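**Student:** A structural model of the following input is requested.
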Amino acid sequence: MAHLESYDSFQTKKSREKKERAKAKCRKTNIEETDSRFVIKKTDEITGKVIETRYNDATVLYKGELINASLKKGLNAVCNQTIFPGDIVVINQEQPDKNIITNLLVRKNTLSRKKKDSTRIGQNVGDNHTIATNIDMAVIVVSSKTPPLHPKFIDRYLMILQDSGIDCAICLNKSDLKAKEDEEILDIYRKIKIPVLETSAINNTGIDELKSILRGKQAIFVGHSGVGKSSLTNSLMDIDEIKTSHVSSKSGKGRHTTTTSKYYVWNEGSAVIDTPGIRSLDISSFKPSEIKQYFAEFEDWGNRCRYSDCLHYKEPEEGCMVKQAVKAGIINRERYDSYIRILQDVTNDRELEESEYR
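**Tutor:** Predicted structure coming up:
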């Protein structure tokens, strides 16, 4: 019996090691390390735009048509870990009935995040997951109800977008359900010069304004499941074909309907990438000293703090001008509390006290 248990243990270990090697292969996203010849700065060849990626191949908009293409041999990486919606690629069509992606043009930017929840494509908690590339503007889509508006989620996404050098806007969908407290939250971002749009995909209100801000850009919709990203994409394209999700009556959270990022051209020179809804954002890669830089309203006051390295957290109030500005109502209390919660997450500080400014 002991020998049998030992054998089972050995087999279990070998199986686990095999799975870990497979996952490590999937997580290898640095294509410069995979094959530096794959990434090029410019080309005279005709290029295509990646629309959607799957495990072994991708859909590419090439010469005005949608084609399926796979990576060239030797890259030793799967498609959905190497190229992403928005990528510009070179296609080789020399082989009959086979389209090969031979090169990738250097990206303008990349939007990625570390995951706090696992996915069906084998990515683990903590894996760095690229969402899309070459983005001109990101729209953080939120809703008034079902799911409710959470400023802390907006603040986390603003950090990630600003860190990636991507212009951003906030879109309140389902605006016909807007409550007074929602308007107060939106005013916080208007005051710090973040564009705020209000739409209703169902009532077709605010869509012209959304089109105006996105025209001529390669944009991306990000946000929770159930806020209406796919519905807004439908409205931009004047169709009703993209599958939309509904909100669970039990949890109040949206169900994941869009499972991969997809690229849609809705006007000449204008496109939007619809992304899967997410329920959590991991910002643990940020250093505590960096976080305050993403709260623009802190800057003028933070420069007057007594401490040059002040985090506006546990320092005495008499030496922290940011804390004094919060107490005086000059800096919004909700934004400050959101900042503290983000700082707590990054530092794993579980001794966070309730804000004395509530």
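
**Student:** How is the protein partitioned into domains?
**Tutor:** Using automatic domain parsing, the domain parsing of the chain gives 31-105, 110-274, 288-347.

**Student:** Roughly how far does E94 sit from Q293?
**Tutor:** Separation of E94 from Q293 (C-beta to C-beta, to the nearest Å): 49 Å. No exception for glycine: its C-beta is placed from N, CA and C like everyone else's.

**Student:** Give me the more crowded residue out of these two.
**Tutor:** Q293 (15 against 8; other C-beta atoms under 10 Å).

**Student:** Assumed that one was part of a strand.
**Tutor:** No. Counting by DSSP: H, G, I helix; E, B strand; the rest coil, Q293 is not part of a strand but helix.

**Student:** what about it, distance to E315?
**Tutor:** 17 Å.

**Student:** circling back to that earlier point, please point out the stretch among the domains of the chain with the lowest average pLDDT.
**Tutor:** Lowest mean pLDDT within the domains of the chain: domain 110-274, at a mean of 80.

**Student:** OK, contacts around T260?
**Tutor:** Neighbour list for T260: 52-54, 80, 276 [criterion: C-beta atoms under 8 Å, 6 or more residues apart in numbering].

**Student:** Pull the most distant pair out of those.
**Tutor:** Largest separation among the contacts of T260 by C-beta to C-beta: R54 and P276, giving 14.1 Å.

**Student:** Which one's more surrounded, these two?
**Tutor:** Neighbours were counted for R54 and for P276 using other C-beta under 10 Å; P276 has more, 18 against 14.

**Student:** Helix or strand: which one has that one?
**Tutor:** Counting by DSSP states H and E, no helix or strand carries P276.

**Student:** right, and it touches S261 too?
**Tutor:** Yes. P276 lies in contact with S261 (C-beta atoms under 8 Å); the separation is 6.9 Å.

**Student:** quick one on the thing from earlier: distance to D282 added to the domains of the chain, as JSON lines?
**Tutor:** JSON lines is the format used below for the domains of the chain (distance: least, C-beta to C-beta, whole Å):
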{"stretch": "domain 31-105", "distance to D282": "18"}
{"stretch": "domain 110-274", "distance to D282": "4"}
{"stretch": "domain 288-347", "distance to D282": "8"}
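
**Student:** Can you show me the helices along this structure?
**Tutor:** Along the chain, the segments classed as helices by DSSP state H run 2-27, 31-34, 151-163, 180-191, 207-214, 229-237, 288-291, 299-302, 321-327, 333-347.

**Student:** residues near W301, how many?
**Tutor:** When neighbours are defined as other C-beta under 10 Å, W301 has 18 of them.

**Student:** who touches it in this structure?
**Tutor:** Shown in contact with W301 (C-beta under 8 Å, 6+ apart): 321-322, 324-325, 330-331.

**Student:** Go again with 7 Å.
**Tutor:** Contacts here follow C-beta atoms under 7 Å, 6 or more residues apart in numbering; on that basis W301 touches 321-322, 325, 331.

**Student:** ditto for D155
**Tutor:** Contacts of D155 (C-beta under 7 Å, 6+ apart): 338, 342.

**Student:** Please tell me how far it sits from R335.
**Tutor:** Between D155 and R335 the distance is 7 Å, computed by C-beta to C-beta.

**Student:** So which of the helices of the chain is the most surrounded?
**Tutor:** Comparing the helices of the chain by mean neighbour count (mean count of other C-beta atoms under 10 Å), helix 229-237 comes out on top with a mean of 23.

**Student:** how distant is that one from the center of its chain?
**Tutor:** Centroid separation between helix 229-237 and its chain, computed with C-alpha atoms, centre = their mean, to the nearest Å, is 18 Å.

**Student:** what's it packed up against?
**Tutor:** helix 207-214, strand 218-222, strand 262-267, strand 270-274 (3 or more C-beta pairs under 7 Å, 6 or more residues apart in numbering; DSSP states H and E).

**Student:** If we use 8 Å, what do you get?
**Tutor:** Packing partners of helix 229-237 (3 or more C-beta pairs under 8 Å, 6 or more residues apart in numbering; DSSP states H and E): strand 167-173, helix 207-214, strand 218-222, strand 262-267, strand 270-274.

**Student:** out of those, deepest packed?
**Tutor:** Highest mean neighbour count among the helices and strands packed on helix 229-237 (mean count of other C-beta under 10 Å): strand 218-222, with a mean of 26.

**Student:** Adjacent strands (with direction) for it?
**Tutor:** strand 137-143 (parallel), strand 270-274 (parallel) (DSSP bridges).

**Student:** Just the CA trace of that strand, in PDB.
**Tutor:** What follows is strand 218-222, C-alpha atoms only, in PDB (Å, rounded to 0.1, in the frame of the first residue of the first chain):
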ATOM      1  CA  GLN A 218      -8.800  53.500 -32.100                       C
ATOM      2  CA  ALA A 219     -10.700  53.300 -28.800                       C
ATOM      3  CA  ILE A 220     -11.400  50.600 -26.200                       C
ATOM      4  CA  PHE A 221     -14.300  50.000 -23.800                       C
ATOM      5  CA  VAL A 222     -13.300  48.700 -20.400                       C
END
